[in-house]
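[1] how does the following fold in three dimensions:
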Amino acid sequence: MLKKPKFWDKNHDTIFSIILIPFTVVLVFKNWINQFYKRKNFKIKSICVGNIYLGGTGKTPLTIEIYKIFKKLKLKPVFIKKFYSYQKDERRILKKIGPVLSNKRRQVSIEEAALRKFKVAIVDDGLQDYSIDYNLKIVCFDKKNFIGNGRLIPSGPLRENLKSLKNFDILFFNGYEKLNKKLIKTVLSINKNIKVFETYQKFLNLNKLKKSKKYLIFSGIGTPSNFKSLLLKNNIKISKYFEFPDHHDFRNHEISEIKNLAKKNNLKILTTEKDYLRLDKRDRTGIEFLKIESIIKNKKKFIKLLKKI
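    Just a heads-up that it's a prediction; the model follows:
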C-alpha cells in the first residue's frame, strides 16, 4: 500500500487536495449506488466496527475489546474479517484472541457463523458494505486527526462524507488528548441520537522494555505517529524512527538494513505487534514488539448498549 499523504491531515485544503477533487467522483458515485443495495438480515446478531477515515482510528483494538465483553457475557462471539491478502497481520492478531471467519464476501462468513451456532458476529471493518443489515454500527475516529481535510479519497482521507454519521449508532473517539467539545457538537448536529464514547490505547508489555536503553523503532500502521507519541509518553528513548505505509509487506533487505543500523548505533529494535506479525519468522530475531489494548471510558454504559442488541 502507498504511504498516507501528509496533506490529508491538514485542517485546510492544499494545492494537492484541490487538484485531486475531480477524482473523488468515483467514490461519490460508488457511495450513491450503495444506498440502493438490498440489505440482508441473518440468524445471528451482527456488530460492525469500522471507520470513514482511512486507517489509524483504533478500530481493531476496539473490536478485540468488544469480543472480550461478549465472551464474558458467555454469548459465544466470533470475529468476521473480509479477506484481503495484505491484511494478514490483523487476521493473525484476531486469531490470537478468538475464532476468525474470513472470506472475500462478509455475508458468507456471517452465514457460516450462524451455521456454526455462534451468537454474535463482530465484523472488523465493513461500514461501507451496504449489503448487510447490521444490528449495531460503530464508527471510530482519531481525536487528533478526526476527518483530516474533510475531503474524500484521493483528495483526502475519507471513505464517505461526514454526513454518513446519520447511519451509525455509536461513535468512538480514540486518543489521549482531551476531547474537543466542538467535535461532539459537529457529530450531534448530524445525528442527535448517536452515542459518543472515548477510548485510548494502553501498552500491555511495557514493563519488558529496558528504559535505560535507546531504541530504533519502525512501524507501518494507519497512524504511526500515534505509536511514537505513546512511546515518548511512556519515557522510551527513541534514537531512530522509520515510518512505512499501512500494512507494509516488509522485505528481508529492509529488515537487514534496520538491524545493521541498530547494531552500528548500539540500539534495541522495537515495533508494533501488527508489524511484527508481518515479518518473516527468520527476520523476527532481535526485534521486540509491543501489544496494546483498548481502554473504554464509561465502559459500563457501553456494555448496557451492547446487551440491548
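
[2] and the strands in the stretch 1-150 of the chain?
    Assigned by DSSP state E, counting those that start in this stretch, the stretch 1-150 of the chain shows strands spanning 45-50, 77-82, 100-103, 120-124, 136-142.

[3] which other helices and strands contact the helix or strand that contains residue 226?
    Using DSSP states H and E, residue 226 sits in helix 224-233. Packing contacts for helix 224-233, counted by 3 or more CB pairs under 8 Å, 6 or more residues apart in numbering; DSSP states H and E, involve strand 195-203, strand 214-219, strand 237-243. Where C-beta positions appear, they are placed from N, C-alpha and C, glycine not excepted.

[4] contacts for the host helix or strand of residue 269, please.
    Per DSSP H and E: residue 269 is located in strand 268-272. For strand 268-272, the external contacting residues (CB atoms under 8 Å, 6 or more residues apart in numbering) are 209-210, 213-219, 221, 227, 231, 236, 258-259, 262, 286-290, 292.

[5] can we see that at 6 Å?
    With CB atoms under 6 Å, 6 or more residues apart in numbering as the test, strand 268-272 has contacts from 213, 215-219, 221, 227, 262, 287-289.

[6] same thing with stretch 297-309?
    With contacts defined as CB under 6 Å, 6+ apart, stretch 297-309 is touched by 45, 69, 135-136, 197-198, 296.

[7] now do the same end-to-end measure for stretch 96-113.
    Stretch 96-113 has an end-to-end distance of 18 Å (CA to CA, to the nearest Å).

[8] average pLDDT for it?
    With pLDDT averaged residue by residue, stretch 96-113 scores 97.

[9] buried ones in it, by neighbour count?
    Neighbour-count burial for stretch 96-113, counted by 16 or more other CB atoms under 10 Å, picks out 98, 100-102, 106, 109-113.

[10] again with stretch 5-23
    Buried residues in stretch 5-23, counting neighbours by 16+ other CB under 10 Å, are found at 5, 7-10, 14, 16-17, 20.
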